[in-house]
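# make a model of this:
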Amino acid sequence: MNRNRLEVVIRGATPDDRPVLADLIARSARGLSRGDYSDEQIESALGTGVFGVDSALIGDGTYFVAEAGGRIVGCGGWSRRRTLFGGDRFAAREAEELDPRSEPARIRAFFVHPEWSRRGIGRRILERCESDARAHGFRSAELMATLPGEKLYGALGYGVVERIDYEMDDGVTIALVRMRKELE
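Residues are numbered from 1 along each chain as shown. Here you go, the predicted structure:
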């Protein structure tokens, strides 16, 4: 199958996509984060829910998948809720809704299959998320990037707000980057 000739379609994620998304997220983290994180950090982030499927995004209709040839090859979303990062198993979740007039939308949970990286999939999903967030009245967007994700977001206009060393529930620390962009 020639990946270069397959059309990539962006669609809303459904609850039925969860198992495929969980596998995609693990493959993406293990395949694309190796130069920035140790195996221990990657496995800890997957095990503690820092990297993982967030069913609230799917339920809110703000999580998207990229499909090519009937296969999900990327995912990502945005949120009007306070939680900045983490999947269903992540302990630090905040479901309260944000005020779009004074708070930034959250860009969340972007992952691309390693065989499909650097093909514009993340960019296309991000453009969809930003467009939807603007349509809901948000003037800015904020995210917590992984080190490999920082490159993508920086190229698309996001600026670094702060760098943090986040300690996961099992005591392993991972470097993350809080970033922000004005949407207007």
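# quick one: contacts for residue 51?
By Cβ atoms under 8 Å, 6 or more residues apart in numbering, the residues touching residue 51 are 25-26, 29, 42, 45, 87, 111. C-betas here are computed from N, CA, C, even on glycine.
# farthest-separated two in those?
Pairwise distances across the contacts of residue 51 (Cβ to Cβ) peak at 14.2 Å, for the pair 42 and 87.
# re the thing from before, make a markdown table out of the contacts of residue 51 and add secondary structure, distance to residue 143 and pLDDT.
Putting the contacts of residue 51 into a markdown table (DSSP: H, G, I helix; E, B strand; the rest coil; distance: Cβ to Cβ, whole Å; pLDDT from 0 to 100) gives the following:
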| residue | secondary structure | distance to residue 143 | pLDDT |
| --- | --- | --- | --- |
| 25 | helix | 16 | 96 |
| 26 | helix | 20 | 96 |
| 29 | helix | 16 | 96 |
| 42 | helix | 19 | 96 |
| 45 | helix | 16 | 94 |
| 87 | coil | 15 | 65 |
| 111 | strand | 13 | 96 |
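# as a markdown table, the residues you listed with distance to residue 11 would be great.
Listed next are the contacts of residue 51 as a markdown table, based on distance: Cβ to Cβ, whole Å:
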| residue | distance to residue 11 |
| --- | --- |
| 25 | 18 |
| 26 | 21 |
| 29 | 23 |
| 42 | 28 |
| 45 | 27 |
| 87 | 20 |
| 111 | 16 |
